[in-house]
Every structure is written in structure tokens, then in C-alpha cells.
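*Asks:* sharing a sequence plus its predicted fold:
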Amino acid sequence: MATIKLSANKLDELKAVCKSFNNEKGELINVLHKAQGIFGYLPAEVQEVIAKELNISVAHVYGVVTFYSFFTMLPKGEFPISICLGTACYVRGAEKVIDEFKRLLHVNVGETTPDGKFSVACLRCVGACGLAPVVLVGDKVYGRVSPEGVKDIVAEYAK
Amino acid sequence: METIKLTIDNKVIEVAKGTTILKAAKGAGIHIPTLCYLHLHDLNIENKPAGCRICVVEVEGRRNLAPACVTDCAEGMVVNTHNIRVLNSRKTVLELILSDHPTDCLICAKNGNCELQTMAQEFGIRKLHYEGEQSTYREDTSPAIIRDIDKCIMCRRCEMMCNDVQTVGVLSAVNRGFMSVVAPAFERNLDHSECTYCGQCVAVCPTGALTEVDHTNAVIRALADPSKTVVVQTAPAVRVALGEEFGLEAGTIVTGKLAAALRRLGFNFVFDTDFAADLTIMEEGTELLDRLTRHLNGDKDVPLPILTSCCPGWVNFFEHQFPEMMDIPSTARSPQQMFGAIAKTYFAEKIGIKREDMVVVSIMPCLAKKFECQRDEFSTNGNPDVDFSISTRELAHLIKQSNINFNELPEEDFDHPMGESTGAAVIFGTTGGVIEAAVRTAYEVQTGKKLLKVDFEELRGMEYIRQATIDFDGLPINIGIAHGLGNARKLLQDIKDGKSKFHAIEIMACPGGCIGGGGQPLHHGDSSIIKARQKAIYLEDAGKTIRKSHENPYIVKLYEEFLGKPMSEKAHHLLHTHYFDKSNETVIE
């Protein structure tokens, strides 16, 4: 695990989140949700702070973080790639698109490239089923993506 | 009390409302098998995650089988605990558990003492019908405890002990589904966590997933080395529990046989940690009186209460969790370490050997002692005061391996000088014992009067937090006692909040004290065993001629010949220690 220190203002923001839930143990999931909103992911330091603020063990926080697939301990890349796995996209070959991203970038779903540029994630339906299969890079939507088209998308950002 | 009538296996029984089927059946003499369930009645500890599904029973009128451990009885309920549907279901559940469990039972540390193995035997499992992937996880070896998670069945007893009872919070279920394991935060190894090595997780683990680091081979090697003088010390709680490993009833006192067995194993000097417990009282008692006197004379820099420091699990606990209060515990080393320090100086000198040629082995009811003896501050030029600490269980293995028929051994005595002890030292093995021993000595030293009665019943018992006021000839001394680290935490929090009225507090990490230690013979959920050991401890004390530490003639001699007086410079150097702030040790790598 890399050493990532929290900046003072982010730390204050995190503590404020805990406080907004009255530092209640039972609000752990809500706190984690907001924290991931702030940091983009949940590094160990963030979990340590939350555990302290909510007066629960870090092991327990880590247990919850690893239980729910929504939570991630890996930072997102500069260009987060999300492949839709909704029904329409799935039947139109989204899985092959994922495989191509994995092959080109040498990462698994949920991971980030070592240079911090790209991260690959899946999501469920962005409401653009007519364009299936759909890929998002940041907020930009790519429709009717074929495995062959993946390298062009990557090239667009790899400069 | 509102009661309910129900039928279990054609037996009509009446139970209090809120009783589970499992407890109702037990009360009626019907045994329902359990695996994840654990109930230490006398200690008020219960684990019922309803995770394993072994205890399922048929409740007539219900579609699904019900787990007996968490299903409450209802009026008119008809329960079948062993019809064919139930039996088949249980067997399937067990086979599924076994399908993801290594079958290397023959060479498992828990072979013959494993609840899963026993159950497979009782159920008559002869074939595994389910093949599939087996989960694998790296083995984690710490100074005291080994985690072999491949053998974990997710009963989560360890998690309950670590979190609910001990409030140490190291273990938690992490990940999901097939990948889930019980692990420290960020799946670090135990030695990178806040683990206190109290070993209560090991004490309740039904399988070989959590075991102690075994040092018996190192001891055998030392015994076989002719250039080494091997000295052994044995803790008070061992003598009231070791017999269980040889089929004797819980609470059987085997002090004499223990000494005989150690002699036959080849130890050159068979000594007793109790000797060092008496020494601890001299140092800790003097420190108590010194702090008390200065505090009462108005020196506000002297903090009270004084806390005992014999328990290494407890020391680890406050170093990690309450570092800001490190000036409150006594600086006295634990008896194990006092013994080692004296053995490798005073005694080594006496018999004319160098410390490097002496090996000190301790027999302990404890796993944290393994960690304690490896601490840097307890060694001189890299040579530890105590070389190896083995548990009561490991000693039993050693005796069995060495073809010693334990039950046929004669009763023998410990050797002199470090084998002589008093009743005050024996009671170190139970909750309340250390402080009672301290009171016996402190009272007489402080008041200059002889105690008419050395038994302080008000300090004894099994309640988690106890308090008593002892009259020191007009000076009321408030004593607090806690066992189980969760209860210790409560007393510590009171001190932190300035609410504590105590002058002295005894703390032991394990429920029951050392008699319930993580290195003791496994109780398999029967807490009456721990009570029986406690009774035996007080019996052993009552049978001693000398029952006050300061009257131990060999302790008196040790001070005359070697140490001077309690808290002297030499005593400070050899018998006292300092603590470390470990609170930041676990943050971000």
C-alpha cells in the first residue's frame, strides 16, 4: 500500500461528515458512502479516521468496506472508464469490450493502471440502451462500442 | 415469570418465555449438536451467529428447519431434534463445511482436540460427497499465535471474543461470500495489529485455525544439550489445569506430579513462578504503599490508582489503547520476567555459570507470555531472561511424548531456592488473587500489625468488575478488580474521566484470570471448568503453611544476599520495567 497522507482540509471534511451523522456507529455505511464521494475511494487512512470518529474498530470498518462491492480501496484513474453491464449492453457484447480494456490496459475490473491514468469499472445501465454497448470515460459517453473500437478510445486519452 | 409449554422429541416441557429451543432441549436432557454456538455460562459470554446451521431442528408447521440456538420457544411448539429430515440436513451442512476444509487432520495441531473433527466422527461421516474449490489463505505467524485460516469455519467465536469480550477489535469478518475470512484490518498480520496475544481467540477456536506458536521442540533441544543448564518455572494456574489433559477431573491439583514430571523431562532445576510472584508482591506492594503515602501526603504528581502489571496481555492492551495512562500501572515486571532476571543473575552466580549457559523455560497458562519473553527490554546483550515460554497444553504434549505416565507419578517438591512460595503466590492464578496477595503484605507492612485472617473473601468471585474497601487499621483502601479486557477498559475509562475512587486496581486480561488463560487446556465451552480451577487455587492457598509473600524465607534471603530492599537500585534494574506508546504502530504503512 502506498503512503497517502490526507490533507488537512480533506481530513476536516471527513470529520465533518462523521459529525453530520452524530458519530453514530450505526451510520457507518452512510459515512463510508460520503467519504468515498470526497476521496473517490476509501484508503486505509480514511478508514482509520472513520473508525476513530465512530469509536469502532478499524477491522470492523475494513470488514464493511470489503463486504460491499460499491466501496473501493483503490484510487480511480485520471480517466475513469466505466463499462455498462446493464441487460441491453450485456447482450450486445459488453463483456468482450471489458476483456479488451483489460487486455490493453493490463488491469482487472476495479483496478487502476500503475501510471494512475486509467481505471476500469463496471456499472449498471446509464439509460442509453439504444446505444448499447455503452462505455463512459469520465462523463463522456461512447455508444455502440465494439472490442475493435476500444483501442481508439484508449488512444484518445493516452497522449 | 411467564412460562411456555412445548414438546421436544415427544417430551412436554415448560420453560421461561424467551428461552431458545437449544437451551430448552438442554434443560430437558436432549443434546442438540452445535458448532458455531458457544455459551460460557459462568462468564456470561455467548456466541450465536446462527452461522453454521448444525443445530437445525424441525418445528412442526414451519416450512424450513429452524436453528435451535436462536429460535425462541413458543407456546404449543412441537420440535423434533433428530428425525430423518433433520439428520440428513445436518449431515449435508457438515459435509459442505468439510468440503472446504483441509483433511490433514493427522498432522493438525488440534488433532484429537478439534470440535469439527469430533463432530465428523459423531456424525459418522465416511465420505465427502461434495467436491469443489477450497479457499486458501496465507498463514500468519506472530510471536504467540498462528492463524491458519484455511481451517476456519467462520463460526466467528474469535471475533466475538476479540470484539465483545476483550474490546481489542483486531479481528473482523472481511470480504464476502466464498472469499470471506476473519482477519485484522487491511488483512495485515497479527503482529502489525493491536493484538494483545491474550489468546482468547485460540481458547475458543473449534478447529486448528487459531493455535499457539509451539516451542516444545526448542525446549527438547535445550534439554538435550549437555552444555546448557535448563531451569524451569511454572505458573500458578498450570497446577490446577494440567491434570485435565490427562483425564483428571477439572480442579484437580497436580502440583506434586507437575514437579515430578518436569524433573523426569530432564530440567536441571525445577522451580516455581510462584517464588517470583512473592517477589512481585514485595516490589509491587512496596510501590503501592509508596505511591499511596506520597499521594495521601498531598503530592499530586503521584497518580492513583496503581494498576497491577503482571498480565502481559493487559500490558499490551494499555500500550496500544491507553498510552496516555502509561504512568499508572505499576512498573513491577511480571512474575515470569522477575523469575528470569533473578535466575540469570542471582541464581546463575550461585551455581557458578554464565547466563549464556543457562536456559530458562516457563510453563504458562498464557500465550501473551510468549510475546512478553521476546520483548527487547527483557534481555541482556541479546540473551533473553526467559528463553522459551510454553503453554499448559504444550507441556502436556511434551509429557506425553516423553513416555511419562503422568497419573502414576509420585508427588514431589520444587527445588530450592526458587521453588519456595507462599499461598499468596498461588492465588496469582485467579482473578482477585494478585490484589489479595498484595493486600496481605501491604496491610502488615503499612500497619505493623499481624493479620488475624488472611482470607479476603470480598475480593474473590467471578463477577467481571468487583470492588471492596479494605480497612488498613483506620485507613480505608478502595480496591477494584476487573478481568476480561472489556471490563478493564471500563475501569480505565473511569480513571481517564476522573471518576475512579480506587487506590489500587487489579487487572487480568482473560476472563477468570490466568485459570482461563489462552494457553490452558481447552474448555470447549464448559465454563464450570474455569470455576473448578478457581476453587482449586484457593484450596491450594489454604493448604500452605506460609500465606504471605513477605514471610517467604527464600525471598527474605534473596533481599539480604542480593537485592538489598524492595525498590532498591538493583531491584529497579532487574525487577522493574517501562512501557511503550504503541498507539501509532498500526497506522498507514
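*Replies:* Yes, it's here. Residues are numbered from 1 along each chain as shown, chains lettered A, B, ... in the order given.
*Asks:* quick one: low-confidence parts of chain A?
*Replies:* Within chain A, the stretches with pLDDT under 70 are A:1-5.
*Asks:* what is the neighbour count of residue 123?
*Replies:* Unless you meant another one, I'm taking chain A. 13 (other CB atoms under 10 Å in any protein chain shown). Yep, even glycine has a C-beta here, placed from its N, CA and C like the rest.
*Asks:* please refer instead to chain B.
*Replies:* Using other CB under 10 Å, residue B:123 has 17 neighbouring residues.
*Asks:* pLDDT score for it?
*Replies:* You'll see residue B:123 listed with a pLDDT of 95.
*Asks:* that one touches residue B:89, doesn't it?
*Replies:* No. Here residue B:123 does not reach residue B:89: they are 11.7 Å apart, not a contact under CB atoms under 8 Å.
*Asks:* quick check: closest non-adjacent residue to the residue most central in space within chain B.
*Replies:* What sits nearest the mean C-alpha location of chain B, by CA atoms, centre = their mean, is residue B:517, with 1.2 Å. Nearest residue to residue B:517 in three dimensions, chain neighbours excluded: residue B:365, at 3.5 Å (CB to CB, 6 or more residues apart in numbering or on different chains).
*Asks:* report the contact partners of residue B:189.
*Replies:* By CB atoms under 8 Å, 6 or more residues apart in numbering or on different chains, the residues touching residue B:189 are B:140-142.
*Asks:* tell me the spacing between it and residue B:313.
*Replies:* To residue B:313, residue B:189 is 18 Å away according to CB to CB, to the nearest Å.
*Asks:* neighbours of residue B:188, how many?
*Replies:* Residue B:188: 19 surrounding residues under other CB under 10 Å.
*Asks:* distance of it relative to chain A?
*Replies:* For residue B:188, the distance to chain A equals 9 Å [CB to the nearest CB, to the nearest Å].
*Asks:* take the helix or strand hosting residue B:12, keep the C-alpha atoms, and write them as CSV.
*Replies:* For residue B:12, the element it lies in under DSSP states H and E is strand B:11-16. C-alpha atoms of strand B:11-16 as CSV (Å, rounded to 0.1, in the frame of the first residue of the first chain):
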residue,chain,number,x,y,z
LYS,B,11,-41.3,-34.7,25.8
VAL,B,12,-43.6,-31.9,27.2
ILE,B,13,-41.5,-29.3,28.9
GLU,B,14,-42.1,-25.9,30.5
VAL,B,15,-39.6,-23.1,30.1
ALA,B,16,-39.4,-19.4,30.8
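*Asks:* give me the phi and psi for residue B:479.
*Replies:* phi -110, psi 140 (degrees, to the nearest 10).
*Asks:* same thing with residue B:358?
*Replies:* phi -110, psi 140.
*Asks:* tell me which residues touch residue A:33, please.
*Replies:* Neighbours of residue A:33 in contact, by CB under 8 Å, 6+ apart: residue A:70.
*Asks:* check the gap between it and residue A:39 for me.
*Replies:* Relative to residue A:39, residue A:33 is positioned 12 Å away (CB to CB).
*Asks:* what does residue A:53 give?
*Replies:* Distance of residue A:53 to residue A:39, given as CB to CB: 15 Å.
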